[in-house]
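**Student:** I'll drop the sequence and a predicted model, then ask my questions.
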Amino acid sequence: MTAVSVSRRSTPQPGSTHQRRSTLQRCRGRAGILLSAPAAVFVVLLLGIPILQAVYFSMTQWDGITSTWLGPSAYVAEFSDPTFWRVLLNNGALLLSVPVAMAIPLGIAAILHEHPFGWRFFRTIYFLPTAISWVVIGMVAARLFAQHGGVNDLLAAIGLGAIRTDFLAGEWTALFAVAVTFVWSMIGTNTIIFLTGMSTLDVSLHEAARMDGAGPWRIFVDITVPQLARFIQFSFIMTMISAFTALFSLIFVMTGGGPGYGTTTLEFFVYQSAFSQGEFGTGALLGVVLFIIMGAIGLAQLRVLRSDDQS
Amino acid sequence: MTAVAAPAPTAAVARRRFQPRPLRVGLFLVMAAGSAAMLYPFLFMIDTSFRSEAQYLDGSGHSLSSWGKLFAALPIGQQLANSTLVCASALAIILALSSTAGYAFAKLRYRGGILVFLGIVSAMLIPMQSIIIPAYVNLSGLGLLDSYWGAVLIYAALGTPFATFLMTAFYRGLPDELVEAAIVDGLGYATIYRRIALPLSTPAIATVAVLQFIQIWDDLLVGLLFLQNPDERTITVGLGVLSAGRVTDIPVLMAGSLLSAIPAVIVYLALQRYLVSGLTAGIGK
C-alpha cells in the first residue's frame, strides 16, 4: 500500500525487462494455481463427485445395503409412477405463487422508495423474514392456519367465517397454506432486491414525466418497472430457486409433506424416499431430476446476464 | 459491491415536497398495516411462549412455565453452543477457501484460471438435495456422522461457490497497480494476499459471513442428517426434531422458536447492510 508512487517499470535494457516479466508471470501463475487449488479441490470432492455419484445411484435399486443395477430403465419406471407426477404437480402449483411473491415486495419497495414517515424503521421490518429460519416460520404458520388459528379468525372478522377450516387437513388447502407462507417469507429478499434496484434509477426521467403530467401509477408502470427489468429478472430467478429448493424445512415442520402427498414437493420427496422409505436409488434419481431443473433455470439466468452485457 | 446507497437527503426532501399531505398519510398507513402483518408472527411467538398450554387454549393468563418446560425438554445451552461452533467452523473454511481463490482468480490470472473459476461458480446450481444421498454415504463411510465434521464440511462446500464468486468480484474491483507496486517493493504474491488484499477485503468478508451465518444457523436438512448424535445437534435441528417428535405443547415450541431466532435476528439488525449487499451481489453491473 505504501509504494504506489514508485514507478513500476524501472528502465534497464529491454531484453532483461522481458526476461524478468516472464519469470514474474510464471511465478504469478504458480501462486494463482496454488491459492485457488484448495477451493477447487474442496468443491470437486464435496459437490462435483457426489453429483456424479448421484447419477450412478439413480440407476440402481438400492436400500442402503444391497444394490442392483437398473440402468436408464429406473427413470422410465419412476416417470410412469403417478406419485412422481403428483409431486411435480405440487411444485407446479407452488410456482403459481411466484408472481405474488414478487408483486407484493415490488409494491412495498415502491412505497418505501418514496420515503414515507418512518421508512427506515419499516425497511428493517420488511427485510426481517430474510433472517428467520424456515423452521421457525413453519412452526408459527402451522398454528396460524389451524382450525382456531389467526387466519381463520381473520376470515371470520371480515365475514367469511363460513369457510373456517383446518387448512392443514386438506391436501389443496395445505398446499395453499404452504404457498402463502412462502410468499410471506420471500418478502424480505425481494424487497431488498427491488429497493436496491430503485436506488439506481435515473431520477431525471421521473421528474420529466411528472412535468409532462404523468400520474404516479403511469410513472411506475411505464418508467420505473422497465428500468428495473434486470432486478425483476434476478428476483424471478431467486424466487424460482427458493420455490424448488428452499422449502424442505418449512414442509418438514408445517405438514410433513401431507396430508397424503398433498404438500410433498420434489425436494421433500428426495428426503422421504431415501431417509423415510429407505429407497436410496429413487432418492438419488429425484435429486438428479431436481438438479436438471435447477440447471435449466441457471442457463436461463446466464442468458439473461449475457443479453444485458450486449445491451 | 452493490452500494445500498440511501439516496441523498436533499433528493428525499425535494421528492417529499411534491407529495400532497393525504398521500403521505395514506402511504404511512399502508406501510404500518403491512408491518403489522410482518410482525404478527413474532408477537404470536412472544405472547404464546409466556403461557402454559392450558392458558394458550383458554386464551387468557400468562406464566413462565413453558420456558421451564423448554429448558427441560432440550439442552438449550449445549445446542446454542453447537450452532455457534458449527457456524464458526464452516465459516472459517468458507472464508479461507474463497478469499484465497478469489484473489487468485482476480489478481493472479493464470492460464485456465477462468475455467476453474467457472467450474466452482457453476456448482452454485447444485441443490443440496441432489448431493445429499451420496454425501451421506461418503461421510458415513469415513465415520464423520458422529461428529461435527460431517455437517461442517457439507455446509462449507455448499457455501464456497457463492463466496468465491463474491470474493472474486470484490478483488476485481481493486486496482492491479496495488499488486504490481508491492511486487516492485519485493513482496511475494502470498505476502501481498496476507498483508494487502485480505485486510482490504473486510467488507466482502463481512458480506459472506453474514449471509452464510444466517443460512447455516437456520438450516435443518443438513443438520438433521449429518449430526446424528443428539448432543451435537444445532438449535434449529433440535427444534425441528422436537416438533416432528409430536411435542404438541405449542407454547413450548414457540419459546424454542423464539430463542433460536434471536441470534440470527441480532446479526441481521447489526449487519443489515452487508446482508443487503450480499443478496444483491448476483446482479451484474
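**Tutor:** Received, thanks.

**Student:** For chain A, which helix or strand comes out least confident on mean pLDDT?
**Tutor:** When the helices and strands of chain A are compared on mean pLDDT, DSSP states H and E, helix A:14-43 comes out lowest with a mean of 79.

**Student:** immediately after that helix, which helix or strand?
**Tutor:** For helix A:14-43, the following helix or strand on the C-terminal side (DSSP states H and E) is helix A:49-58.

**Student:** hmm, that next one in reach of chain B?
**Tutor:** Yes - using Cβ under 8 Å from any Cβ of the partner chain, helix A:49-58 reaches chain B at A:49-51, A:53-54, A:57. Placement of C-beta: from N, CA and C, glycine included.

**Student:** Could you dump these into TSV with neighbour count added?
**Tutor:** Compiled in TSV, the residues of helix A:49-58 next to chain B are given as follows (neighbours: other Cβ atoms under 10 Å in any protein chain shown):
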residue	neighbour count
A:I49	15
A:P50	27
A:I51	19
A:Q53	17
A:A54	26
A:F57	24
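
**Student:** got a list of what A:M59 touches?
**Tutor:** A:69-72, A:74-75, A:281, A:285 (Cβ atoms under 8 Å, 6 or more residues apart in numbering or on different chains).

**Student:** Nearest residue to it in space, ignoring adjacent ones along the chain?
**Tutor:** Using Cβ to Cβ, 6 or more residues apart in numbering or on different chains and skipping residues adjacent in sequence, the residue nearest A:M59 is A:A74, 4.9 Å away.

**Student:** Verify the stated contact: that neighbour with A:F57.
**Tutor:** No - checked against Cβ atoms under 8 Å, the pair A:A74 and A:F57 is beyond contact range at 9.6 Å.

**Student:** And B:K69, which helix or strand is it part of?
**Tutor:** Per DSSP H and E: B:K69 is located in helix B:65-73.

**Student:** I should have written B:T160 there, sorry.
**Tutor:** Applying DSSP H and E, one finds B:T160 within helix B:149-172.

**Student:** What of B:R109?
**Tutor:** Counting by DSSP H and E, there is no helix or strand that carries B:R109.

**Student:** Need the pLDDT of it.
**Tutor:** At B:R109, the model reports a pLDDT of 84.

**Student:** Then A:R306?
**Tutor:** According to the prediction, A:R306 has pLDDT 61.

**Student:** who touches whichever strand or helix holds A:E78?
**Tutor:** Here A:E78, judged by DSSP H and E, is contained in helix A:73-79. Applying Cβ under 8 Å, 6+ apart, the contact partners of helix A:73-79 are A:58-61, A:70, A:84, A:281-282, A:285-286.

**Student:** Name the member of these with the most neighbours.
**Tutor:** Using other Cβ atoms under 10 Å in any protein chain shown as the neighbour test, the contacts of helix A:73-79 are led by A:L286, with 29 neighbours.

**Student:** Name the next helix or strand following the helix holding A:E78 along the chain.
**Tutor:** Once helix A:73-79 ends, the next helix or strand along the chain (criterion: DSSP H and E) is helix A:82-95.

**Student:** From the contact counts, what lies against that following helix?
**Tutor:** Judged by 3 or more Cβ pairs under 8 Å, 6 or more residues apart in numbering or on different chains; DSSP states H and E, the packing partners of helix A:82-95 are helix A:171-198, helix A:229-245, helix A:266-271.

**Student:** All set, thanks.
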